[in-house]
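>>> requesting a structural model of the entry that follows:
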Amino acid sequence: MAEAGGWSTIESDEGVFTSLIENLGVKNVQFEELISLDADTIRSLRSFFPLSQITIASNLTSQQSSLRRNLPLQMDTRPNQTIHPTTPQDGTYDDTAAEKGVFFAAQTIQNACGTQAVLSVILNQDQSTPTNHSPIDIGDELRSFKEFTTGFPPELLGEALSNSESIRTAHNAFAKSSPFVDETARTGDEEGGDVFHFIAYTPVNGVLYELDGLQPYPISHGLCGEGQFPEKVIEVVERRIARYPEGETMFNLMAVVRDLR
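All right, here's what the predicted structure looks like:
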């Protein structure tokens with residue numbers, strides 16, 4: 001269980017995430033596990049809902065987590081200051097994404113990167129656009145939160161998430177003892193155990209974005225027109241998976257589809 005005011009660990013499970021967003025007032029959508037990463041599988045889901053979101057959970061070994069934390073950083077001229085690399089390993093940073101209506105929060109919450117990835121998907125698909133004809137009804141609670149935080153920089157938006165009692169309560173309702181930990185709080189000296197990290201992929205205003213709360217900005221993977229998401233996201237996710245040694249990393253992929261229950 002969580003300490004007072006804290007965030008519990010929850011399972012990476014499509015049923016858990018579906019119930020979580022329902023508790024927050026989101027209507028008529030559910031999470032569905034992707035058994036395989038191929039166009040036919042994704043197209044079959046699109047027959048139920050105009051699929052435009054995938055969340056990926058990757059299990060990193062302790063060694064890989066250490067490598068992730070120690071990727072080359074540019075050094076700031078001030079003592080003890082660092083900034084993120086100028087370019088990600090794939091794609092390009094979009095430091096103007098917020099001005100284009102992209103919801104993106106820095107990860108500041110212990111044990112809640114899964115919930116944050118879920119919200120990164122849901123809160124970027126609530127408006128009707130030329131490439132999104134079926135916006136998600138996010139409900140009054142999340143709508144009020146999004147309106148209140150409009151214009152917030154990623155760090156402040158992350159803090160707003162961590163201080164949201166309603167989101168924390170919905171999250172903690174699914175508390176379960178699990179190996180999920182907060183990699184932002186993990187020290188480099190820790191041995192053993194696994195680190196799980198969640199990343200969302202979704203198109204916003206015709207651009208495919210990778211939303212990773214440990215990055216400084218949303219990562220653009222180029223234009224993504226109507227109906228192009230399955231092919232585009234497969235290419236990006238396959239490149240990401242290929243960066244890890246075969247057999248050493250476990251990936252779990254989920255998509256958002258229309259609720260057929």
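>>> report the buried residues of stretch 240-247.
240, 244 (16 or more other C-beta atoms under 10 Å). In this view, the C-beta of every residue, glycine as well, is placed from N, C-alpha and C.
>>> got the CA coordinates for it in PDB?
Provided in PDB are the C-alpha atoms of stretch 240-247 (Å, rounded to 0.1, in the frame of the first residue of the first chain):
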ATOM      1  CA  ARG A 240      13.300   0.800 -30.100                       C
ATOM      2  CA  ILE A 241      13.100  -2.900 -29.400                       C
ATOM      3  CA  ALA A 242      16.100  -3.500 -31.600                       C
ATOM      4  CA  ARG A 243      18.300  -1.300 -29.400                       C
ATOM      5  CA  TYR A 244      18.200  -3.800 -26.600                       C
ATOM      6  CA  PRO A 245      20.000  -7.200 -26.500                       C
ATOM      7  CA  GLU A 246      17.700 -10.000 -27.600                       C
ATOM      8  CA  GLY A 247      16.200 -11.900 -24.700                       C
END
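>>> tell me which residues touch Leu161, please.
105, 108-109, 112, 116, 119, 167 (C-beta atoms under 8 Å, 6 or more residues apart in numbering).
>>> could you pull out the helices in this structure for me?
Under the criterion DSSP state H, the chain contains helices at 14-23, 39-46, 62-69, 113-122, 139-149, 154-162, 165-172, 229-242.
>>> using TSV, lay out the ones you listed together with mean pLDDT.
Converted to TSV, the helices of the chain look like this (pLDDT from 0 to 100):
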stretch	mean pLDDT
helix 14-23	94
helix 39-46	64
helix 62-69	34
helix 113-122	90
helix 139-149	96
helix 154-162	95
helix 165-172	95
helix 229-242	87
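>>> low pLDDT regions in the chain?
Scanning the chain with the threshold set as pLDDT under 70 gives 1-5, 39, 41-85, 177-196, 248-249.
>>> which strand is the longest one in it?
For the chain, the longest strand by residue count, based on DSSP state E, is strand 194-204.
>>> who does it pair up with?
strand 54-61 (antiparallel), strand 207-211 (antiparallel) (DSSP bridges).
>>> which residue, other than its chain neighbours, is closest to Arg243?
Nearest residue to Arg243 in three dimensions, chain neighbours excluded: Gln89, at 6.8 Å (C-beta to C-beta, 6 or more residues apart in numbering).
>>> actually, Glu141.
Closest to Glu141 by C-beta to C-beta, 6+ apart is Gly25, at 4.8 Å.
>>> for that neighbour, give me its contacts.
Taking C-beta under 8 Å, 6+ apart, we find Gly25 in contact with 138-142.
>>> could those go into CSV alongside distance to Phe229?
Listed next are these as CSV, based on distance: C-beta to C-beta, whole Å:
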residue, distance to Phe229
Ile138, 20
Gly139, 24
Asp140, 28
Glu141, 27
Leu142, 22
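>>> how close does Cys168 get to Tyr209?
For the record, residue 168 is Arg, not Cys. 25 Å (C-beta to C-beta, to the nearest Å).
>>> let me fix that: Glu147
Counting by C-beta to C-beta, the gap between Glu147 and Tyr209 amounts to 21 Å.
>>> more neighbours, those two?
Just comparing Glu147 and Tyr209: by other C-beta atoms under 10 Å the higher neighbour count belongs to Tyr209, 26 against 8.
>>> for that one, which non-adjacent residue is closest in space?
Nearest to Tyr209 is Pro218, by C-beta to C-beta, 6+ apart, at 4.7 Å.
>>> so Ser166 is in contact with Gly139, correct?
No - if you go by C-beta atoms under 8 Å, Ser166 and Gly139 don't touch, sitting 10.5 Å apart.
>>> mutual contacts of those two, please.
Common neighbours of Ser166 and Gly139 (C-beta under 8 Å, 6+ apart) are Leu24.
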